[in-house]
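Student: Need coordinates for the below:
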Amino acid sequence: MPDTFIAATAITRKLALVNANTKHFSRVHAARFSIDLQNWREP
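Tutor: Predicted structure coming up:
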């Protein structure tokens, strides 16, 4: 549930969401919301 609120905040404020585990936000993509997900562990 907290991941949903984090994603909603990033979407509404048009911010990139930087996280180490972007798999947690797969529901956001499944719901067809556009979000810029960036994994800080990947180069």
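
Student: Buried residues, the longest helix along the chain. List them.
Tutor: Looking across the chain with DSSP state H, the single longest helix is helix 2-12. Buried residues in helix 2-12, counted by 16 or more other C-beta atoms under 10 Å: 7, 10. (Each C-beta comes from the backbone N, C-alpha and C, glycine too.)

Student: Also stretch 12-25?
Tutor: 17, 19, 22, 25.

Student: sorry, back to before: what's in contact with the following helix or strand past the longest helix of the chain?
Tutor: Per DSSP states H and E, the first helix or strand lying C-terminal to helix 2-12 is strand 16-19. Outside strand 16-19, the residues that touch it by C-beta atoms under 8 Å, 6 or more residues apart in numbering are 6, 7, 10, 25, 35, 36, 37, 38, 39, 40.

Student: can you list these in a markdown table and add pLDDT?
Tutor: Shown next, in a markdown table, are those (pLDDT from 0 to 100):
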| residue | pLDDT |
| --- | --- |
| 6 | 93 |
| 7 | 94 |
| 10 | 95 |
| 25 | 89 |
| 35 | 92 |
| 36 | 93 |
| 37 | 92 |
| 38 | 94 |
| 39 | 94 |
| 40 | 93 |
